[in-house]
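Asks: Build me a model from this:
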Amino acid sequence: MRRHISLRIAAPALLALALSSLPAGAFEYRQVGGWAVSCNNAYVCTISLNPQAAQDEDAALAAIQWHRTANPSAPLTLSLPSPPGFFQRGDDDGQFTISVDGEEAFAVGVDDLIRDEAVGTFGVNNPDALPQLFAKMAHGQSATIAYSGDLGAFSTTIALDGLLDSARFVDDLQGRKDRTDALADKGDIAPPEDIRVWSINSYAQLPESILRNLSDAESACYTDEAHLDQADAFAFATGASTIMLLPCGPSGAYNQPYQLYVGKDQEFRRAEFPNVSEAGITVLDTVYNVNFDLENRKLSSVYLGRGLGDCGLAHYWSLDAKATGNPLVLTHERAKSACDGSDVGAAKWPVTWRSDIGGDANEADTTADK
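Replies: Here you go, the predicted structure:
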């Protein structure tokens with residue numbers, strides 16, 4: 001018999017602690033040398049320089065970021081920080097240059113960049129030049145990002161230690177290891193045509209059968225478009241159907257609610273999450289903090305009792321590619337009711353239920369133990 005889990009939500013805690021207790025898989029965050037790597041449920045990955053990796057006092061241009069989705073045809077893109085005062089005053093004659101170990105490796109004028117005033121960055125989309133620049137930086141010791149124009153001249157030198165290993169981490173997570181489209185160590189393996197997972201960050205990506213519920217201000221799961229963009233919503237084509245994991249309203253301190261939609265083309269319906277209760281097999285309308293494991297075709301959720309991640313309830317499902325309806329198959333659950341500071345992370349909580357045909361729960365949580 002499964003015990004009833006009673007949890008009291010604590011006051012807001014550090015988000016980083018909450019995220020660190022989620023099962024590993026889709027949402028990943030790693031510190032590698034002077035760089036930070038983050039990937040979302042659609043396996044869109046960003047490699048960001050940590051500000052402390054700047055080697056001089058003027059770090060205004062240090063916060064560069066590399067981005068790549070998991071789609072085999074996706075280009076590598078770069079974000080550059082704006083120089084002081086740019087978005088207030090403008091600078092039509094401005095130009096960025098990036099030098100690696102003392103040699104200029106890339107130059108671009110601001111007129112050729114995509115401006116994002118909301119976050120104060122410039123987007124660089126140059127499929128031919130950026131892979132070459134990344135390779136030079138990944139194998140270099142230091143790089144200098146410089147800006148010159150009517151605003152003046154600014155430059156910052158950054159350390160490149162950890163960039164190559166960050167690229168290897170992204171390649172491994174996105175399944176590019178030993179492939180011809182790898183960032184770091186290219187191999188001879190040809191990439192697949194499509195990986196069938198994508199982010200959902202705007203209303204325009206939703207079929208009307210879903211949008212009328214999500215965008216209705218009177219709906220219990222009303223989610224404005226800005227929050228949809230922030231909530232790590234995603235879709236995955238399982239085979240016979242497509243699933244969409246979408247936020248159900250705003251998040252709490254460390255628990256973001258999600259609902260599941262299943263369908264094909266433009267016809268989708270809300271589906272439930274298989275669950276086990278004291279009464280037996282049942283379903284849940286909503287789960288929290290979902291996490292998608294693309295390689296193993298698994299989905300998990302963790303409801304956190306508090307931000308430390310030492311108590312809560314976790315569900316684990318596999319995806320049945322042949323299912324024409326709801327493809328989720330519950331494999332096991334973990335729970336811990338005592339918020340006592342021990343056993344931080346859902347993978348360390350006791351298994352409270354597992355399917356007889358679901359295999360060993362500890363083996364199924366291999367990625368969660370990373």
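
Asks: Low-confidence regions, the protein specifically.
Replies: The chain contains residues with pLDDT under 70 at 1-26, 51-58, 357-370.

Asks: spatially speaking, which residue is in the middle of it?
Replies: Nearest to the geometric centre of the chain sits residue 40, at 1.1 Å (Cα atoms, centre = their mean).

Asks: Please tell me how far the spatially closest residue to that residue that is not a sequence neighbour sits from residue 352.
Replies: The shortest distance from residue 40 to any non-neighbouring residue, by Cβ to Cβ, 6 or more residues apart in numbering, is to residue 232 (4.8 Å). Glycine gets a C-beta too; all of them are placed from N, C-alpha and C. Remark: distance between residue 232 and residue 352 (Cβ to Cβ, to the nearest Å) = 26 Å.

Asks: Please say which of the two ends up with more neighbours.
Replies: residue 232 (23 against 18; other Cβ atoms under 10 Å).

Asks: residue contacts, that one?
Replies: With contact taken as Cβ atoms under 8 Å, 6 or more residues apart in numbering, residue 232 is in contact with 27, 40-42, 199, 256.

Asks: Reformat the residues you listed as TSV; add distance to residue 288.
Replies: Shown next, in TSV, are the contacts of residue 232 (distance: Cβ to Cβ, whole Å):
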residue	distance to residue 288
27	13
40	16
41	13
42	18
199	19
256	6
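
Asks: Let's see which of those end up in strands.
Replies: Judged by DSSP state E, those include residue 199 as members of strands.

Asks: where's residue 321, which helix or strand?
Replies: Per DSSP states H and E: residue 321 is located in neither a helix nor a strand.

Asks: Let me see the ranges of the strands in the stretch 151-300 of the chain.
Replies: If DSSP state E, counting those that start in this stretch is used as the criterion, the strands of the stretch 151-300 of the chain fall at 152-159, 197-199, 234-237, 242-247, 257-264, 267-271, 273-277, 280-284, 287-288, 290-293, 298-304.

Asks: and the ones you listed as JSON lines, adding mean neighbour count and distance to residue 34?
Replies: Output for these, formatted as JSON lines (neighbours: other Cβ atoms under 10 Å; distance: least, Cβ to Cβ, whole Å):
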{"stretch": "strand 152-159", "mean neighbour count": "18", "distance to residue 34": "5"}
{"stretch": "strand 197-199", "mean neighbour count": "18", "distance to residue 34": "27"}
{"stretch": "strand 234-237", "mean neighbour count": "20", "distance to residue 34": "29"}
{"stretch": "strand 242-247", "mean neighbour count": "22", "distance to residue 34": "33"}
{"stretch": "strand 257-264", "mean neighbour count": "21", "distance to residue 34": "34"}
{"stretch": "strand 267-271", "mean neighbour count": "17", "distance to residue 34": "43"}
{"stretch": "strand 273-277", "mean neighbour count": "17", "distance to residue 34": "40"}
{"stretch": "strand 280-284", "mean neighbour count": "12", "distance to residue 34": "42"}
{"stretch": "strand 287-288", "mean neighbour count": "24", "distance to residue 34": "33"}
{"stretch": "strand 290-293", "mean neighbour count": "24", "distance to residue 34": "27"}
{"stretch": "strand 298-304", "mean neighbour count": "26", "distance to residue 34": "30"}
